[in-house]
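Asker: Mind looking at a prediction? Sequence and model below.
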Protein chains: 2
Amino acid sequence: MYTYTELQEFTRQVFVKMGCPEEDARLAAEILVSADLRGIDSHGVARLPGYVRLQSLDRVNPKPNIRIVHQTPSTAVIDGDAGLGLVVAPKAMEIAIEKAQQVGTSWVAIRNSNHFGIAGYYAMMALQHDMIGLAMTHAGPLVAPTFSQDKLLGTNPIAIAIPADKQPPFVADFATTTAAYGKLEILQRKSQPTPTGWVQNAEGKPSTDAHAVKNGGALLPLGGDREHGSHKGYCLGAMVDILCGVLSGANYGPWVPPFATAGFMGTATQLVGAGTGHMLGAMRVDAFRPAQEFKEHMDNWINTFRAAKPVEGEACVQIPGDAERMMEAERKEKGIPVLAPVIESLNEIATKFGLPFKRN
Amino acid sequence: MYTYTELQEFTRQVFVKMGCPEEDARLAAEILVSADLRGIDSHGVARLPGYVRLQSLDRVNPKPNIRIVHQTPSTAVIDGDAGLGLVVAPKAMEIAIEKAQQVGTSWVAIRNSNHFGIAGYYAMMALQHDMIGLAMTHAGPLVAPTFSQDKLLGTNPIAIAIPADKQPPFVADFATTTAAYGKLEILQRKSQPTPTGWVQNAEGKPSTDAHAVKNGGALLPLGGDREHGSHKGYCLGAMVDILCGVLSGANYGPWVPPFATAGFMGTATQLVGAGTGHMLGAMRVDAFRPAQEFKEHMDNWINTFRAAKPVEGEACVQIPGDAERMMEAERKEKGIPVLAPVIESLNEIATKFGLPFKRN
């Protein structure tokens, strides 16, 4: 078990060693470890070795000149100057919030960035301003569109955060695939098969092999197959890719740079844009109706859904964000468990950078 | 077989008989029959009896005073004055496009409307302006959230239309459930079961009974069950409900008025808002990067995905919108087939209003 502060402080020091300015390192560490706190272990300190490797491949600029390359009253396009997504995206979301303050709503597209951690963090930045926040990112190609053998899309998550009054906010944050890649890694460790509809094999046939993606297969869009609506998951993943990649001037589709931990993925040549892209949006609630009135209706929405009769064997109907919020409360109190192989990899980083690290 | 013009002209005359002004009737008929043309038969003239019944229930105002009740430079809230969604939504989308022209992007929320046909029509209105169009609507509660026995959401579709250059546009338009209700009706007629993950029965148990929804069961969110990601489909359906309902000041969740054809659904009392809601958005492409540059990259995106190696047994990987566009070309040339029971119901309407109708 680690405390949030231990993991955040270690991560901060690693980012400083990578050359990040003090303030950037602090914020990036806070965002990365917020994933561990919320129970999205695949996107927290488990990814730190990936960031270190990205830098050793010279794919990260620790002191980026993040700048607006184009803007209108409700939009901006940001060039992240190859910075950490964890540094670029929070700045971009601040710009989205400022623009929404001015004209009601906004969209900010980011290019030339890198992996940005959990999308939900940026969507949630809007909440304290009584705004609805939206965040999307694309990622390296692990997903085959419906009827495709080739992998052309990433797991391309969508996050939306909506404020409520006395109830906690509605926070959805999900990959547009049936299952995120981290779920496969868990099954690999347990030598268990996947459920149907998660992956296909190298020949494009349905598979339940948790190692399928590494062996030439692919993750499948939400829905799994055509009969179960995978064309809809494909539409969602494609939408995210186009907004994050084509609209921003980043790469897109098979050209999106893979995250460094995916060693089995090649890196595309003859790129079609600059780095990885994200898309962030903000909507001022009172650009539509008085914020207090809206938030009271959100309480009613949440209470209504929470009060629904659950199916047999389930305790209740959850509101998006419930599980992560409960996990956050628990881990703040009891600490954050970290898997042995992740501890090992963090220890290697500590040795590399000459940092203290408690192995537990 | 009917020509587009025959169906559109009949529909126009029906809307005129219902009291719509000539110009509203023409546009509403054009939008309704565009669904038949594009192969989305469940949302075309098959729904005309529903609109007629809505009016006989006094739930439609044929001469609505559609007005902006609140606005900012990038947003508007529209009160549809209980008009046909087919009349309210195109006006609202024009306002969204105007606002995006002014400040880059926009969101227009609509309340006090009715069923609006296919979401894709409104998203596609943006294309000719070199804009990306977004359209969502909620609908009467037929869908159980993950782990719920109760039906609290509609099929809540999302549509997005994105312009390309030499390639046809990217047009996605899909219900946030595994399958739309119309698909169940087709299976009912054939006395066939549904695939897994489409419906649950009145006890909230997985079912393959195509009649399950009518008998107290529910449609399921995209994903079907928790293991296959239904919590993601639930997030999407909930997002659409909140944006269309809570943000606009319409009803939401179980209070969304059912469309008149769903005779087995009750109508909620103690409403929490005004009528049915929609959410429409527009994004000027050149608020992000030069439109021509964007559209050429979209051609590259589309060509890349279309060129992917298909899985065995499939001819090709489709781009969202391909199927509907091919259907439109075919039906423009060869005519639109209409099922016998739908012809019967149109004939009843013709009799009711004293209109000529060719029964074929």
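Answerer: Received the coordinates, thanks.

Asker: what about the worst-scoring helix or strand of chain A on mean pLDDT, distance to the chain center?
Answerer: Among the helices and strands of chain A, helix A:181-190 carries the lowest confidence by mean pLDDT, DSSP states H and E, at a mean of 87. Between the mean C-alpha point of helix A:181-190 and the mean C-alpha point of its chain there is a distance of 18 Å (Cα atoms, centre = their mean, to the nearest Å).

Asker: cool, stretch A:166-181 as well?
Answerer: Its chain's average C-alpha position is 10 Å from that of stretch A:166-181, according to Cα atoms, centre = their mean.

Asker: and if you look at stretch A:66-82?
Answerer: When distances are taken as Cα atoms, centre = their mean, stretch A:66-82 is centred 20 Å away from the chain's centroid.

Asker: quick one: buried residues of that stretch?
Answerer: Residues of stretch A:66-82 classed as buried: A:66, A:69-82 (neighbour count, 16 or more other Cβ atoms under 10 Å in any protein chain shown). To be clear about C-beta, it is placed using only N, CA and C from the backbone, and glycine gets the same treatment.

Asker: How many residues are close by residue A:273?
Answerer: A count of nearby residues for residue A:273, using other Cβ atoms under 10 Å in any protein chain shown, gives 19.

Asker: My understanding was that it contacts residue A:255; is that so?
Answerer: Yes - counting by Cβ atoms under 8 Å, residue A:273 sits close enough to residue A:255 to count as a contact (7.1 Å).

Asker: Name the single longest helix found in chain A.
Answerer: Ranked by residue count and defined by DSSP state H, the top helix of chain A is helix A:85-103.

Asker: With just CA atoms, put it into PDB.
Answerer: In PDB, the C-alpha atoms belonging to helix A:85-103 read as follows (Å, rounded to 0.1, in the frame of the first residue of the first chain):
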ATOM      1  CA  GLY A  85      -0.100  15.200 -22.500                       C
ATOM      2  CA  LEU A  86      -0.300  15.500 -18.700                       C
ATOM      3  CA  VAL A  87       1.200  19.000 -19.100                       C
ATOM      4  CA  VAL A  88      -0.400  20.100 -22.400                       C
ATOM      5  CA  ALA A  89      -4.000  19.000 -21.800                       C
ATOM      6  CA  PRO A  90      -4.600  20.800 -18.400                       C
ATOM      7  CA  LYS A  91      -3.400  24.100 -20.000                       C
ATOM      8  CA  ALA A  92      -5.700  23.500 -23.000                       C
ATOM      9  CA  MET A  93      -8.700  22.800 -20.800                       C
ATOM     10  CA  GLU A  94      -8.100  26.100 -19.000                       C
ATOM     11  CA  ILE A  95      -8.300  27.800 -22.400                       C
ATOM     12  CA  ALA A  96     -11.500  25.900 -23.100                       C
ATOM     13  CA  ILE A  97     -13.000  27.100 -19.800                       C
ATOM     14  CA  GLU A  98     -12.000  30.700 -20.400                       C
ATOM     15  CA  LYS A  99     -13.500  30.700 -23.900                       C
ATOM     16  CA  ALA A 100     -16.800  29.100 -22.500                       C
ATOM     17  CA  GLN A 101     -16.800  31.900 -19.900                       C
ATOM     18  CA  GLN A 102     -16.700  34.400 -22.700                       C
ATOM     19  CA  VAL A 103     -19.100  33.000 -25.300                       C
END
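
Asker: Give me the sheet partners of the next helix or strand after that helix and which way each runs.
Answerer: Following helix A:85-103 in sequence order, the next helix or strand is strand A:105-113 (DSSP states H and E). Using DSSP bridges, the strands paired with strand A:105-113 are strand A:75-79 (parallel), strand A:276-284 (antiparallel).

Asker: Present those as a markdown table; the columns should include mean pLDDT.
Answerer: Supplementary listing: the strands paired with strand A:105-113 in a markdown table, determined by pLDDT from 0 to 100:
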| stretch | mean pLDDT |
| --- | --- |
| strand A:75-79 | 98 |
| strand A:276-284 | 98 |
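
Asker: Neighbours of the nearest residue to residue A:324 once chain neighbours are set aside, how many?
Answerer: If you skip the residues right next to it in sequence, residue A:324 has residue A:38 as its closest partner in space, 4.0 Å away by Cβ to Cβ, 6 or more residues apart in numbering or on different chains. Using other Cβ under 10 Å, the number of residues around residue A:38 comes to 24.

Asker: do residue A:171 as well
Answerer: Look at residue A:171: counted by other Cβ under 10 Å, it has 24 neighbours.

Asker: Point me to the residue of the stretch 251-360 of chain A nearest chain B.
Answerer: residue A:311 (3.6 Å; Cβ to the nearest Cβ).

Asker: Quick check on that residue: phi, psi?
Answerer: phi -70, psi 160 (degrees, to the nearest 10).

Asker: Could I get the pLDDT score of it?
Answerer: According to the predicted model, the pLDDT of residue A:311 comes to 97.

Asker: Also residue A:36?
Answerer: Taken from the predicted model, the pLDDT recorded for residue A:36 is 96.

Asker: Leaving out sequence neighbours, find the closest residue to it.
Answerer: The spatially closest residue to residue A:36, leaving aside those adjacent along the chain, is residue A:44, at 3.4 Å (Cβ to Cβ, 6+ apart).

Asker: before we move on, what about residue A:17?
Answerer: Residue A:17's closest residue in space is residue A:353 (Cβ to Cβ, 6+ apart), at 4.1 Å.

Asker: mind checking how far the one you found is from residue A:45?
Answerer: With distances taken as Cβ to Cβ, to the nearest Å, residue A:353 is found 14 Å from residue A:45.

Asker: residue ranges of the strands in the stretch 151-300 of chain A, please?
Answerer: Counting by DSSP state E, counting those that start in this stretch, the stretch 151-300 of chain A has strands at residues A:158-162, A:170-174, A:199-200, A:206-207, A:218-219, A:276-284.

Asker: how far out from the middle of the chain is the last one?
Answerer: Here the centre of strand A:276-284 is set off from its chain's centre by 13 Å, with Cα atoms, centre = their mean.

Asker: so what's residue A:88 up against?
Answerer: Contacts for residue A:88 were tallied using Cβ atoms under 8 Å, 6 or more residues apart in numbering or on different chains; they are A:64, A:66, A:78, A:80-81, A:110, A:113-114, A:116, A:278.

Asker: could those residues be laid out in JSON lines, adding distance to residue A:186?
Answerer: Formatted as JSON lines, the entries for these read as follows, by distance: Cβ to Cβ, whole Å:
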{"residue": "A:64", "distance to residue A:186": "33"}
{"residue": "A:66", "distance to residue A:186": "35"}
{"residue": "A:78", "distance to residue A:186": "34"}
{"residue": "A:80", "distance to residue A:186": "31"}
{"residue": "A:81", "distance to residue A:186": "35"}
{"residue": "A:110", "distance to residue A:186": "30"}
{"residue": "A:113", "distance to residue A:186": "28"}
{"residue": "A:114", "distance to residue A:186": "25"}
{"residue": "A:116", "distance to residue A:186": "22"}
{"residue": "A:278", "distance to residue A:186": "26"}
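
Asker: quick revisit: buried sites along the longest helix of chain A?
Answerer: Buried residues in helix A:85-103, counting neighbours by 16+ other Cβ under 10 Å, are found at A:85-93, A:95-97, A:99-100, A:103.
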